[in-house]
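1. Pasting a predicted model and its sequence here:
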Amino acid sequence: MHAAAGPAAVEPGGEAEGLGGEAGGGASAGGRGRGRAGGPGQAEDVPHVLYVRFHPTPAEDVYQGLLALLGELTPVVEALPPNAALADVRGALRYFGRDAAGLAEIVRVRALARYGVDCTIGVAANPMLARMAAQEAREAQATQATQEAQGPQEAQEVQGAQEADAPGPGGGRSRRPAGSVRTVPGDPDGVAAFLARKPPTALPGVGPATARTLSAYGLDSAARIAAAPLSTLQRILGAATARRVHAWAHGIDPMPVTPNAPARAMGAEHRFRHDELDPVRRRRALLTLADGLGGRLRTSGQVAAAISLTVRYADRSTTTRSRTLTEPTAHTPALTAAAYALHDALGLQRARVRSVALRVEGLMDAELAPHQLTFDPADEKSRRLEAAADRARARFGASAVRPAGFLDVA
């Protein structure tokens, strides 16, 4: 197993590079004795959890194939759509004769060979540390790509502002960073070194407000939070929150990887014939996608609780944003308005957009979904017209009735 004092970045065919820092403050013996993967015992400290983030964000059918790829290594796969998954490979270590980092490399090679999708993988003894390792690797790759494209001076100015999923309007953005594998050692010292200089916001569930409260008391790093007495944290944050934050700062995460199926969802994508600069045509494409998804939902008797937008740029980078709908719906105007709001919130200016995709999630039976009654005659009229259009499409075909701004598929 890895014995380095910090996480290791492993590139295919390369050597592991130690990235650990000095541990600023140690975890208590009692905190470390609790199994960081959810149970006691030395075996629990062996890195065996993979957090896999695929990039660029794959299409829905490709995502299903990538989940099946992970299933070839282990049946314990937790889908985190639209572009990530967790896998517990503890049972596969002996079978394949490799450690978890070696299995992660297999995942990378197969994903690239079969689907042309790269991935950044965090390897650790529990899901929390694996997520953090993947995030750190992604940030390091983005910084390296920026330095190569713009030089050290400019890279320092934009460091921290660029993410892998940031807009790529062409010209001012760096190339899409490659994937990598980052491993957090399973021994307590290695975990402490990995967490030492992490800010409070790096811990799951710690938002800006909680981080500001902790920093006001000098607890501005995970190491200092870990070194603080639990009673002190309880006075600052309250009993329940303090216990969770204290455990996270020691690298303890009792949550297991839970095998599941992908969330029930529908998706559709529009690819432009040329890189699209015109926001009006992008909105027309969103209208077309929302109209199609709404029709599919109503035909299947379902409604959606959330909607997500994925924009793919000319440099192959992507941005994904999601929104929970006011109420579960299959009403096309509601889906279109949510898609427009997500698009407008991106503030794209001179962005060269290659494709847009909409995905509706949290599907449920329409008869079981709550619906807020309204006395708005315009809403009632819109729904009656929608029902009439659905009947016309069912009889004469999908092209019988279309929105005025419908954009033909490229």
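-> Alright, I've got the coordinates.

2. Could I get the phi/psi values of Ala400?
-> In this entry, Ala400 is assigned phi and psi values of phi -60, psi -40 (degrees, to the nearest 10).

3. whoops, I mixed them up, Ala196
-> The phi and psi values for Ala196, taken as degrees, to the nearest 10, are phi -50, psi -50.

4. my guess is Gly301 contacts Leu368, does it?
-> No - between Gly301 and Leu368 no contact is recorded; they are 10.2 Å apart, counting by C-beta atoms under 8 Å. C-beta coordinates here come from the backbone N, C-alpha and C atoms, glycine included.

5. In which helix or strand does Asp379 reside?
-> Secondary-structure element containing Asp379, defined by DSSP states H and E: helix 377-396.

6. With adjacent residues omitted, what lies nearest to Thr288?
-> Leu407 (4.7 Å; C-beta to C-beta, 6 or more residues apart in numbering).

7. which residues sit in contact with the one you found?
-> In this structure, Leu407 makes contact with His270, Arg281, Arg284, Ala285, Leu287, Thr288, judged by C-beta atoms under 8 Å, 6 or more residues apart in numbering.

8. Distance of the nearest residue to Gln234 once chain neighbours are set aside relative to Met132?
-> The shortest distance from Gln234 to any residue that is not its chain neighbour, by C-beta to C-beta, 6+ apart, is 4.2 Å, and that residue is Ala242. From Ala242 across to Met132, the span is 20 Å (C-beta to C-beta, to the nearest Å).

9. Same check on Leu50?
-> In this structure, Leu50 lies at 13 Å from Met132, with C-beta to C-beta as the measure.

10. Just give me the neighbour total for the closest residue to Pro208 other than its chain neighbours.
-> Once flanking residues are discounted, Pro208 sits nearest to Thr201: 6.7 Å by C-beta to C-beta, 6+ apart. Other residues near Thr201 come to 15 when the count uses other C-beta atoms under 10 Å.

11. Next: Ala111.
-> A count of neighbours around Ala111, defined by other C-beta under 10 Å, yields 23.

12. Hmm, it is touching Thr120, no?
-> No - proximity of Ala111 to Thr120 does not meet the contact threshold set by C-beta under 8 Å, at 11.0 Å.

13. so what pLDDT did the residue nearest to Pro208 get?
-> Thr201 is assigned a pLDDT of 89 by the prediction.

14. ok, so what distance separates it from Thr210?
-> Computed with C-beta to C-beta, the distance linking Thr201 and Thr210 is 8 Å.

15. show me where the stretch 251-400 of the chain has strands.
-> Taking DSSP state E, counting those that start in this stretch, the strands of the stretch 251-400 of the chain run over residues 265-276, 302-313, 318-329, 353-361, 364-365.

16. Throw the ones you listed into a markdown table and include mean neighbour count, distance to Gly65 and mean pLDDT, thanks.
-> Supplementary listing: the strands of the stretch 251-400 of the chain in a markdown table, determined by neighbours: other C-beta atoms under 10 Å; distance: least, C-beta to C-beta, whole Å; pLDDT from 0 to 100:
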| stretch | mean neighbour count | distance to Gly65 | mean pLDDT |
| --- | --- | --- | --- |
| strand 265-276 | 16 | 14 | 88 |
| strand 302-313 | 23 | 17 | 92 |
| strand 318-329 | 17 | 18 | 91 |
| strand 353-361 | 23 | 16 | 92 |
| strand 364-365 | 12 | 26 | 86 |
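
17. Redo the ones you listed as JSON lines? Include distance to Thr374.
-> Written out in JSON lines, the entries for these read as follows (distance: least, C-beta to C-beta, whole Å):
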{"stretch": "strand 265-276", "distance to Thr374": "25"}
{"stretch": "strand 302-313", "distance to Thr374": "16"}
{"stretch": "strand 318-329", "distance to Thr374": "11"}
{"stretch": "strand 353-361", "distance to Thr374": "22"}
{"stretch": "strand 364-365", "distance to Thr374": "21"}
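
18. mean confidence for stretch 52-63?
-> Throughout stretch 52-63, pLDDT has a mean value of 85.

19. Distance from the chain centre to it, please.
-> 10 Å (C-alpha atoms, centre = their mean, to the nearest Å).

20. Quick check, Phe329 in contact with Leu335.
-> Let me fix one detail, which is that residue 329 is Thr and not Phe. Yes - here Thr329 reaches Leu335: they are 7.0 Å apart, a contact under C-beta under 8 Å.

21. Please enumerate the shared neighbours of those two.
-> Shared contacts of Thr329 and Leu335, defined by C-beta under 8 Å, 6+ apart, are found at Ala304.

22. My guess is Ala351 contacts Asp278. True?
-> No - using C-beta under 8 Å as the test, Ala351 is too far from Asp278 to be in contact (10.6 Å).

23. What ranges in the stretch 1-150 of the chain fall below the confidence cut-off?
-> In the predicted model of the stretch 1-150 of the chain, residues 1-44, 145, 148-150 satisfy pLDDT under 70.

24. Now do the strands in it.
-> Taking DSSP E, counting those that start in this stretch as the criterion, the stretch 1-150 of the chain contains strands spanning 8-10, 17-18, 49-55, 77-80, 84-88, 118-124.

25. The last one pairs with which strands?
-> Taking DSSP bridges as the criterion, strand 118-124 forms sheet pairs with strand 49-55 (antiparallel), strand 181-183 (parallel).

26. Output these as a markdown table; include the columns mean neighbour count and distance to Ala339.
-> Putting the strands paired with strand 118-124 into a markdown table (neighbours: other C-beta atoms under 10 Å; distance: least, C-beta to C-beta, whole Å) gives the following:
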| stretch | mean neighbour count | distance to Ala339 |
| --- | --- | --- |
| strand 49-55 | 26 | 23 |
| strand 181-183 | 30 | 35 |
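
27. Which of those strands sits closest to Ala247?
-> Taking C-beta to C-beta as the criterion, strand 49-55 is the member of the strands paired with strand 118-124 that comes nearest to Ala247, at 16.3 Å.

28. how far does that closest one sit from the chain's center?
-> Taking C-alpha atoms, centre = their mean, one finds the center of strand 49-55 at 9 Å from the center of the full chain.

29. which outside residues touch it?
-> Outside strand 49-55, the residues within contact range by C-beta under 8 Å, 6+ apart are 37, 63, 66, 70, 83-89, 100, 103-104, 107, 111, 117-127, 129-131, 133-134, 138, 164-165, 176, 179, 257, 318.
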